[in-house]
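> Need coordinates for the following:
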Amino acid sequence: MDYKEKYESWINDSYFDESTRAELKAIANDDKEIKERFYKDLEFGTGGLRGIIGAGTNRINIYTVGKATQGLADYILQNSPCGKTKGVAIAYDSRNMSPEFARKAGLTMCANGIKAYVFDSLRPTPELSFAVRHLGCIAGIVITASHNPPEYNGYKVYWQDGGQVPYPRDGEIIEKVNAVERFSDVKVMEYDDAVKAGLYVTVGKEIDDEYIKNVKAQSLNPDVVSATADSLRIVYTPLHGTGNIPVRRVLSETGFKNVYVVPQQELPDSSFSTVGYPNPEDPKAFTLAVELARKVDADVIIGTDPDCDRVGAVVKNSDGEYVVLTGNMTGALLTNYVLSQRKLKGTLPANGAVVKTIVTTEMIRPIAAEYGIKLFDVLTGFKYIGEKIKQFEETGDYSFVFGFEESYGCLSGTYARDKDAVVASMLISELTAFYKAQGKTLYDGLIELYEKYGYYREGITSITLKGIEGVEKIRYIMESLRKNPPKEFLGNNVMWLRDYTKNEFKNVLTGETEQNRLPSSNVLHYTLENGDWVCVRPSGTEPKLKIYYGIKGTGLDDAERKTEAMGAYMKELVESL
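Modelled structure (predicted):
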């Protein structure tokens, strides 16, 4: 069927509820909108679903959520005989329709005879990752669109190790989801019947307590926290999301006394009315937090995104002004802190490993070398870091110590297999106390890292290309870069060209080759002769082309200037295509 036929089938089929059909009838004279909603099915990709909330095959709604869940249930029943009794854990965030989508997913699982453990209210994504392992589930689902604008929601799938589903299992699940051809093929079960049958189980506080206990176990210097507790001031904003209760609880139970929550952003709000774009990567998200920090003279500001897996930090610079740290800055500070303190306390394993993504700061390389720790690079996406943790446990070759990605996500410990802003908030606060006890700020600590390891700076330029035309433009840009690979950037020759769709990489200056040991991915990575790097990839979750770049300067000003120049150059280059 073409998009018009699909549209007509939805408005005329009594299978779809009245509100859905009314929504669609209201756009009867808008052919462009009809096409956007029906020209394709919302794709169940390697991370699950993510899309605009609304009626239609290319939207996220109870029908597309049901179809995805039916496909996942079919996969579980075919590939895991014990999957029925192990069950699936399901959590959700503060977005529009999140509770409804979570219930739909749970009841669809129950209709297939699979037990569903559904949280009683909104919870952070990392707690879902923990719950899958703690409950011994075969899989997990979290309803969230992370930091996307308020019109979005999403559906992420986890496997029994607590990590997002990796290759090749992700592809196998996608095949099962795509095999569900009709929405009427989705099995249904009434809530009361599911509860009576013992299939729909509500969970809550008992999981919270165990999760918080494991987060607190990652604390490294409780004595420093106690010594500075009376004077240290923290401003925290959950950005209307799931972090409010768990972050405040962890900070309180680890000894932080003066935590000030931004009142306008404390409670869940599916419209994210005070920010619009609820992402700690966006400095504007901290506007209200900075106002409060100035009033209370805060040492640090912490902000978490709606599903509380990303964290941002704001600190005072040498002039007393609050400045937003990048994810790379925060990650470098935490990596150095965890490694240095565990070495000091004798708890750093001899076979310890740190894991980062290929678009994350290269500053981690000399830091890991300083402590004799193996550094692993993985593809963009924290699920690949989680996959490494599983590999380490299976082989025993390495022990995971810390992992992070440039997009404000990190994990200390192995209790979860996804990035966790709850533990990150605790460690950032503890690190602030660590420096305060020495008469320093977190910013002073960052400068010390630069002076010791080099002035590394990174940037990212995102080009938004929405709709059908946007998908085609992104495809064309990537194809153009492959057909005519750049030989230099800002006068610096490309040395290594790494096309992650290929099995082999090439040094274009020497002819040397190396094997690609990572999964195939639509990513182009360029290492320049001077050590700087550039990476281009389509976003897996948003209608964007992302351009990453990293440089090393001779000082702060030089690093900043070179980073801005590279960003402007890459934006102009890509837009010219």
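> going forward, measure contacts and count neighbours with C-alpha atoms only.
Fine.
> list the buried ones in the helix or strand in which Ser129 is found?
If you go by DSSP states H and E, Ser129 is part of helix 125-135. Of all the residues in helix 125-135, those buried under the rule 16 or more other Cα atoms under 10 Å are 125-134.
> Residues contacting that helix, please?
88-93, 138-142, 158-163, 207-208, 211, 307-309, 415-421 (Cα atoms under 8 Å, 6 or more residues apart in numbering).
> Just those residues: which are in strands?
Within the contacts of helix 125-135, residues falling in strands by DSSP state E are 88-92, 139-142, 158-159.
> Adding pLDDT and distance to Val523 as columns, could you present these in CSV?
Below are those laid out as CSV (pLDDT from 0 to 100; distance: Cα to Cα, whole Å):
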residue, pLDDT, distance to Val523
Val88, 98, 32
Ala89, 98, 32
Ile90, 98, 31
Ala91, 98, 31
Tyr92, 98, 30
Ala139, 98, 28
Gly140, 98, 28
Ile141, 98, 27
Val142, 98, 27
Tyr158, 97, 24
Trp159, 96, 25
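> Confirm that Tyr75 lies within a helix, as I assumed.
Yes: counting by DSSP: H, G, I helix; E, B strand; the rest coil, Tyr75 falls inside a helix.
> Contact partners for it?
By Cα under 8 Å, 6+ apart, the contact set of Tyr75 is 172-173, 176.
> cool, Asp557 as well?
For Asp557, the contact set (Cα under 8 Å, 6+ apart) is empty.
> so it is in which element?
Judged by DSSP H and E, Asp557 forms part of helix 556-576.
> go on, Ser226?
Going by DSSP H and E, Ser226 is in helix 222-228.
> Okay, buried residues for stretch 376-395 please.
Counting neighbours by 16+ other Cα under 10 Å, the buried set in stretch 376-395 is 377-390.
> Which residues does it contact?
So stretch 376-395 is contacted by 161, 163-166, 353-359, 398-400, 403-405, 409, 414, 417-419, 518-519 (Cα under 8 Å, 6+ apart).
> now stretch 95-108
61-62, 65-66, 69-70, 90-93, 116-118, 121-122, 142-145, 150-151, 153, 186-191, 194, 200, 269-271.
> One more: stretch 27-47?
With Cα under 8 Å, 6+ apart as the criterion, stretch 27-47 contacts 2-4, 6-7, 49-51, 55-60, 64, 68, 156-157, 164-167, 170-171, 174, 177-178, 467-468.
> do that again at 6 Å, thanks
Stretch 27-47 has contacts (Cα atoms under 6 Å, 6 or more residues apart in numbering) with 3, 56-59, 156, 170.
> For those, pick the one with the most neighbours.
Within these, neighbour counts (other Cα atoms under 10 Å) peak at Gly56, which reaches 28 neighbours.
> For the chain, give me the ranges with low pLDDT.
541 (pLDDT under 70).
> Contact partners for Ser539?
Leu545.
> gap between it and Val262?
31 Å (Cα to Cα, to the nearest Å).
> and if you look at Lys187?
44 Å.
> what about those two, which has more around it?
Taking neighbours as other Cα under 10 Å, Lys187 and Val262 compare with Val262 leading, 22 against 17.
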